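In: how would this look folded up:
(chains A and B, ligands or ions: 1)
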Amino acid sequence: MCLAIPGKIIKISQDQGTVDLGGISQEVSLTFIPQVTLGDWVLIHTGFAINIISESDALQTIELLQAVYAK
Amino acid sequence: MLNNSFQDPGLSHKILNQISEYKKELRIMEVCGSHTMAIGKWALRKLLPPNIQLISGPGCPVCVTPVSYIDALISLKSLTITVFGDLLRLPGSLTTLETARAQGLDVRLVFSPLDALKIAQKQETVFAGIGFETTTPGIAHTIRLAQENNITNFSVLPAFKLIPPALKYLLLADDVEIDAFLLPGHVSAIIGSNAYSFLPAQFDTSGVISGFEPLDILLAIKMIIDILESGKNAIENEYQRVVSPSGNLQAQNIMNQVLYPRDACWRGLGIIPASGLAIKPEFSRFDATQKYDLDISYYEPPSPCRCADILKGKILPPQCPLFADSCSPAHPIGPCMVSSEGSCAAYYKYER
Ligand code: SF4
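Out: All right, here's what the predicted structure looks like:
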């Protein structure tokens, strides 16, 4: 039930936003991520963006995986 | 999107090879139902060496919702009941919300608590407030919105559950054997990795927070092995792209404003101290237990279902004599078969 799906922020108006879910757009509450900016990837759960997905951290994890892989 | 990078089969095999070098017995509990589903979907249990066991814990909020909670919702005959879909088929002591709906109870599925608030602008509405820390902030926010906009037709029947007290309970139970936890990604997005520091400090137990792609889970298992081999217990975070040490402070603030900790009953496990959240007195007019004088005290009717042992990691679903026999997703007998994220449902779908 804690499933959350990623979407890209394409519109912000105060604490409401619109996300693009691979072609489908959906309204989402941004109340928990006031620091959000256009183009951010966010995780959406029951109509709320619960966090911003950090691209740099994702890349770091992939690098870590590559390091394991290279061993 | 980035998540695709976490599905690379070549990398999975390399990590699996490294995991296979570990020869000791290792019992890892995956706490979260979404992990149980991902593990089933990618057949990870079969790919892992037999000395490494993944045990499914109590990580599905529907599965641990008590019988009395469903009975209380069904007793609300003359108003609109709004629920997340999974709750529909959870058995109460006599029947389910789905059956009650067929008999005329006004039960509506909603995607978000905000949808329930919209319905409440027209008619008296109760929202079934079930969920872990991932879901609870949104419901708390909705209660605050109802207060701000004076939507008096709205109330919430709380059955919020907290993950850290449940982990504590499992570690204190003498019939549960767990070497390490695979910790939930989206609960942790809210509460942060620091919320688990009690595990190494008080229980000499380690855990790794993991994402939901196959590589996330395999890497997290590898990280657990590395921690155990280092001889020093720790909490580590594989899911850094989403989870920070302190979590989402806005979401935590809203929960703290509207709710406070109290003991809660978990179906199959019993009462766990301070493992739930109740609605604060300032918001009591939105508390359905008070508004309708509902009793959601704990009772467990006798049942052959072995969910209690499954939630504690003592047996696996196929070891229940009813599994895939009289109990199936079409005719669930226990809560672990009802929710698509319940252990029995996940095993039924992927591991038969
Ligand atoms: S298979 Fe059905 S009866 Fe057996 S433990 Fe699972 S839910 Fe309960």
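In: please report how far the residue of the stretch 201-350 of chain B found nearest the ligand lies from B:Asp174.
Out: Closest approach between the stretch 201-350 of chain B and the ligand, counting by CB to the nearest ligand atom: B:Gly334, at 2.6 Å. C-beta here means a position set from N, CA and C on the backbone, and glycine is covered the same way. Distance, B:Gly334 to B:Asp174, by CB to CB, to the nearest Å: 24 Å.
In: returning to what we had before: and the residue of the stretch 201-350 of chain B closest to the ligand, what does it touch?
Out: Residues near B:Gly334 by CB atoms under 8 Å, 6 or more residues apart in numbering or on different chains: B:91, B:303, B:305-307, B:322, B:327, B:344.
In: among those, name the buried ones.
Out: Burial by neighbour count, 16 or more other CB atoms under 10 Å in any protein chain shown: within the contacts of B:Gly334 this picks out B:91, B:305-307, B:322, B:327, B:344.
In: let's have these in JSON lines, adding secondary structure and distance to chain A.
Out: Formatted as JSON lines, these follow (DSSP: H, G, I helix; E, B strand; the rest coil; distance: CB to the nearest CB, whole Å):
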{"residue": "B:Pro91", "secondary structure": "coil", "distance to chain A": "17"}
{"residue": "B:Cys305", "secondary structure": "coil", "distance to chain A": "20"}
{"residue": "B:Arg306", "secondary structure": "coil", "distance to chain A": "22"}
{"residue": "B:Cys307", "secondary structure": "helix", "distance to chain A": "16"}
{"residue": "B:Leu322", "secondary structure": "coil", "distance to chain A": "23"}
{"residue": "B:Cys327", "secondary structure": "strand", "distance to chain A": "20"}
{"residue": "B:Cys344", "secondary structure": "helix", "distance to chain A": "15"}
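In: and which of the residues you listed is nearest to B:Leu167?
Out: B:Cys307 (18.3 Å; CB to CB).
In: any weak-confidence spans in chain A?
Out: A:60-62, A:64-71 (pLDDT under 70).
In: which residues of chain B lie near the ligand?
Out: B:305-307, B:310, B:317, B:320, B:322-323, B:327, B:333-334, B:336-337, B:344 (CB under 6 Å from any ligand atom).
In: report the two of the buried ones among the contacts of B:Gly334 separated the most.
Out: B:Pro91 and B:Arg306 (15.0 Å).
In: quick one: contacts for B:Ile333?
Out: B:91, B:303-305, B:322, B:326-327.
In: hmm, 6 Å instead?
Out: B:305, B:322, B:327 (CB atoms under 6 Å, 6 or more residues apart in numbering or on different chains).
In: just grab the bridge partners of the nearest residue to it once chain neighbours are set aside for me.
Out: Once flanking residues are discounted, B:Ile333 sits nearest to B:Cys327: 4.1 Å by CB to CB, 6 or more residues apart in numbering or on different chains. Beta-bridge pairing of B:Cys327 under DSSP bridges involves B:Phe323.
In: pLDDT check: weakest of the contacts of B:Ile333?
Out: Within the set of these, pLDDT is lowest for B:Cys305 (89).
In: residue contacts, B:Arg27?
Out: B:53, B:55, B:177-179.
In: which SS class is it?
Out: At B:Arg27, secondary structure determined by DSSP: H, G, I helix; E, B strand; the rest coil is strand.
In: weed out the non-buried ones from the contacts of B:Arg27.
Out: B:53, B:55, B:178-179.
In: secondary structure element holding B:Ile310?
Out: helix B:307-311 (DSSP states H and E).
In: what mean pLDDT does that helix get?
Out: 85.
In: who does that helix touch, helix- and strand-wise?
Out: helix B:335-338 (3 or more CB pairs under 6 Å, 6 or more residues apart in numbering or on different chains; DSSP states H and E).
In: then the helix it packs on to CSV, C-alphas only?
Out: Only the C-alpha atoms of helix B:335-338 are listed here, as CSV (Å, rounded to 0.1, in the frame of the first residue of the first chain):
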residue,chain,number,x,y,z
PRO,B,335,-5.9,-10.7,5.8
CYS,B,336,-2.6,-11.7,4.2
MET,B,337,-4.5,-13.0,1.2
VAL,B,338,-6.8,-10.0,0.9
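In: make sure the residue nearest to B:Ile333 is actually in contact with B:Val338.
Out: No. At 10.0 Å, B:Cys327 and B:Val338 do not qualify as touching, with contact defined as CB atoms under 6 Å.
In: report how many residues lie close to the nearest residue to A:Val42 once chain neighbours are set aside.
Out: The shortest distance from A:Val42 to any non-neighbouring residue, by CB to CB, 6+ apart, is to A:Ala49 (4.0 Å). Close neighbours of A:Ala49, defined as other CB atoms under 10 Å in any protein chain shown, add up to 27.
In: same deal with B:His141?
Out: B:His141 has 25 nearby residues by other CB under 10 Å.
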